[in-house]
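A.B. asks: here is a sequence with its predicted model. Questions after.
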Amino acid sequence: MNTVVRTEMKRHEPTAVKRRLSQSTTAPEKRLKEDKPKPKMISSERIVRASQSKYKPYFSNGEESNDSRASPVGDPNLHAPLEYPGDSESFLLLRPVVKNTSKTPQPEEEDKDEYNPITDLIRSAYFIYECYLTPEQQELLGDDSQGIMRNLTKHRNRRHGPGFIQAVHDFNKVIKDLKVKGEISKNAKAMRHPSYELACHILYQVYSRTVAPQADALNNYQAFSNNVYGEINPILVKEFLQKTKVNSHSVFMDMGCGIGNVVLQVAAQTGCEAYGIEIMEVPCKFAKRQLKEYAARMKAWRLPTGKIHFRHGDFLDLGSSTMHQTLTRADVLLVNNYAFDSQTNHRLAQLFLDLKEGTKIISLKSFVPKSHKINQRTFHMPESILRVEEFEYFSEAVSWTNNGGTYYIATIDRSRLQSVYDEMYKSSQR
């Protein structure tokens with residue numbers, strides 16, 4: 001996640017459905033609803049302070065430096081607030097460094113596997129600049145070659161603390177003025193949903209503040225079982241959305257959602273109604289933590305969240321839960337069945353008999369054997385109502401391998417059975 005902002009960057013379910021307030025709702029009840037606490041973001045400064053031993057000063061107190069290896073004798077408490085379209089956040093201006101395990105002094109290297117608050121701040125500023133400002137408004141901040149935006153990168157690169165702090169202050173002043181005038185709000189409404197790149201950045205912020213500090217807990221699973229944990233990366237999810245044409249009116253469901261990354265991305269990019277069900281307790285807890293942070297962050301970015309629900313449970317037992325009704329409404333299902341055994345895939349396919357016509361099922365293994373033929377012996381099987389398309393995905397599309405592979409999109413199409421019905425009818429008339 002340490003590439004420049006323009007590159008592509010590699011989830012609390014309510015216990016009851018919200019009811020509309022009736023006309024008899026009293027004024028005190030309305031006030032209670034309005035006084036509900038706003039969701040608060042977990043600040044960048046908070047998560048860095050929680051593991052501050054991993055971080056060292058990056059900026060000098062005054063003198064410029066071009067040495068990217070050594071940590072200057074700077075202020076470990078140096079921080080700066082960044083103004084978002086709908087909120088602000090404090091960043092501790094430190095960098096993560098690789099721990100020196102040798103007995104001799106070594107040049108300090110940035111730990112690229114750890115969260116970098118300075119990179120996060122600058123990327124956020126650039127996304128605000130590129131996504132929330134008109135070309136005329138961008139002129140107030142300059143560009144990569146001059147003005148405030150140039151000062152941000154120049155003083156970061158030269159590790160000049162006072163200059164960087166001033167550049168952030170100047171950036172905030174422009175954004176605050178535009179917020180007061182209502183320009184940021186107007187631009188956010190016109191945008192409707194975030195671009196893929198902005199959605200990835202927001203979800204990275206969510207992940208780094210909720211999952212990353214405790215990510216080791218996700219490694220506790222039985223290898224080669226149906227519960228093996230693995231994630232589909234954002235770039236492939238983007239392709240799924242393009243192929244299935246998910247929109248704000250769609251119902252999306254992830255059967256085995258893990259920590260909820262896919263559900264959140266789909267909802268963020270489309271504003272759809274998105275559901276996730278996960279059998280393992282730890283990933284599901286992380287999914288709900290992510291959802292809470294996601295709601296706060298999307299509010300800070302003045303973006304709609306979509307309707308998102310996570311449930312801890314077994315998707316093979318949907319009949320005993322309210323999720324079965326959701327299943328019958330779904331427009332798109334995602335099943336990461338790459339590690340599922342044949343019995344689980346078979347039981348899962350039985351649920352497809354309850355899906356509505358046209359529902360699309362995305363999977364990493366096909367539910368229909370290539371040898372399957374529709375006839376009087378097989379017309380009652382779920383495989384017979386699935387029209388399957390095969391697609392390739394390329395390297396770094398999934399978390400468990402750097403290699404490419406194949407995925408499938410099956411569409412519920414009961415018209416495929418008509419010829420069998422016709423043949424059966426003719427036979428009965430003889």
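C.D. replies: Right, received. Where do you want to start?

A.B. asks: where does Lys189 land on pLDDT?
C.D. replies: Note for Lys189: predicted pLDDT of 95.

A.B. asks: that one: which element?
C.D. replies: helix 183-191 (DSSP states H and E).

A.B. asks: name the next helix or strand downstream of that helix, please.
C.D. replies: Going down the chain from helix 183-191, the next helix or strand is helix 196-210, by DSSP H and E.

A.B. asks: state the helix or strand in which Glu390 lies.
C.D. replies: Using DSSP H and E, Glu390 sits within strand 386-393.

A.B. asks: which neighbouring elements make contact with that strand?
C.D. replies: Judged by 3 or more C-beta pairs under 8 Å, 6 or more residues apart in numbering; DSSP states H and E, the packing partners of strand 386-393 are helix 234-244, strand 405-412. Yep, even glycine has a C-beta here, placed from its N, CA and C like the rest.

A.B. asks: list the buried ones in the shortest one?
C.D. replies: For strand 405-412, burial by neighbour count (16 or more other C-beta atoms under 10 Å) applies to 405, 407-412.

A.B. asks: export the helices and strands packed on strand 386-393 to a markdown table and tack on mean pLDDT and distance to Gln214?
C.D. replies: As requested, the helices and strands packed on strand 386-393 are exported to a markdown table (pLDDT from 0 to 100; distance: least, C-beta to C-beta, whole Å):
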| stretch | mean pLDDT | distance to Gln214 |
| --- | --- | --- |
| helix 234-244 | 97 | 21 |
| strand 405-412 | 96 | 29 |
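
A.B. asks: of these, which is nearest Arg297?
C.D. replies: Distance to Arg297, taken as C-beta to C-beta, is lowest for helix 234-244 among the helices and strands packed on strand 386-393, at 15.8 Å.

A.B. asks: ranges for the helices of the stretch 101-250 of the chain?
C.D. replies: 117-132, 135-138, 147-157, 161-180, 183-191, 196-210, 234-244 (DSSP state H, counting those that start in this stretch).

A.B. asks: tabulate these (CSV), appending distance to Ser366.
C.D. replies: Converted to CSV, those look like this (distance: least, C-beta to C-beta, whole Å):
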stretch, distance to Ser366
helix 117-132, 38
helix 135-138, 48
helix 147-157, 48
helix 161-180, 49
helix 183-191, 37
helix 196-210, 27
helix 234-244, 15
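
A.B. asks: now render those helices as a markdown table, adding distance to Ala349 and mean neighbour count.
C.D. replies: Below are the helices of the stretch 101-250 of the chain laid out as a markdown table (distance: least, C-beta to C-beta, whole Å; neighbours: other C-beta atoms under 10 Å):
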| stretch | distance to Ala349 | mean neighbour count |
| --- | --- | --- |
| helix 117-132 | 42 | 21 |
| helix 135-138 | 52 | 12 |
| helix 147-157 | 53 | 18 |
| helix 161-180 | 51 | 18 |
| helix 183-191 | 40 | 15 |
| helix 196-210 | 31 | 22 |
| helix 234-244 | 19 | 19 |
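
A.B. asks: do you know which of the ones you listed lies nearest Gly74?
C.D. replies: Nearest of the helices of the stretch 101-250 of the chain (C-beta to C-beta): helix 161-180, 6.2 Å.

A.B. asks: next, the angle from that closest one to helix 183-191.
C.D. replies: Using axes from the mean of the first three to the mean of the last three C-alpha atoms, to 10 degrees, one finds that helix 161-180 and helix 183-191 are set 70 degrees apart in direction.

A.B. asks: re earlier: closest to Met253 out of the helices and strands packed on strand 386-393?
C.D. replies: Met253 lies closest to helix 234-244 among the helices and strands packed on strand 386-393, at 12.0 Å (C-beta to C-beta).

A.B. asks: that closest one: what's the following helix or strand?
C.D. replies: Counting by DSSP H and E, what follows helix 234-244 is strand 251-255.

A.B. asks: packing partners of the helix or strand that that following strand is followed by?
C.D. replies: Sequence order places helix 261-270 as the next helix or strand after strand 251-255, per DSSP H and E. Other helices and strands packing on helix 261-270, by 3+ C-beta pairs under 8 Å, 6+ apart, are helix 196-210, helix 234-244, strand 251-255, strand 273-278, helix 281-300, strand 307-312.

A.B. asks: still on that earlier bit, the buried residues of strand 405-412 into a markdown table, with extra columns for distance to Leu316?
C.D. replies: Output for those, formatted as a markdown table (distance: C-beta to C-beta, whole Å):
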| residue | distance to Leu316 |
| --- | --- |
| Gly405 | 25 |
| Tyr407 | 21 |
| Tyr408 | 20 |
| Ile409 | 22 |
| Ala410 | 18 |
| Thr411 | 22 |
| Ile412 | 19 |
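
A.B. asks: closest one of the residues you listed to Ala296?
C.D. replies: Nearest member of the buried residues of strand 405-412 to Ala296, counting by C-beta to C-beta, is Tyr407, at 32.5 Å.

A.B. asks: quick one, what contacts the residue most central in space within the chain?
C.D. replies: Most central in the chain under C-alpha atoms, centre = their mean is Gln265, positioned 3.7 Å from the mean C-alpha point. Applying C-beta atoms under 8 Å, 6 or more residues apart in numbering, we find Gln265 in contact with 199-200, 203, 234, 237.

A.B. asks: closest to Asn151 among those?
C.D. replies: Nearest to Asn151 among the contacts of Gln265 is Cys200, at 26.0 Å by C-beta to C-beta.
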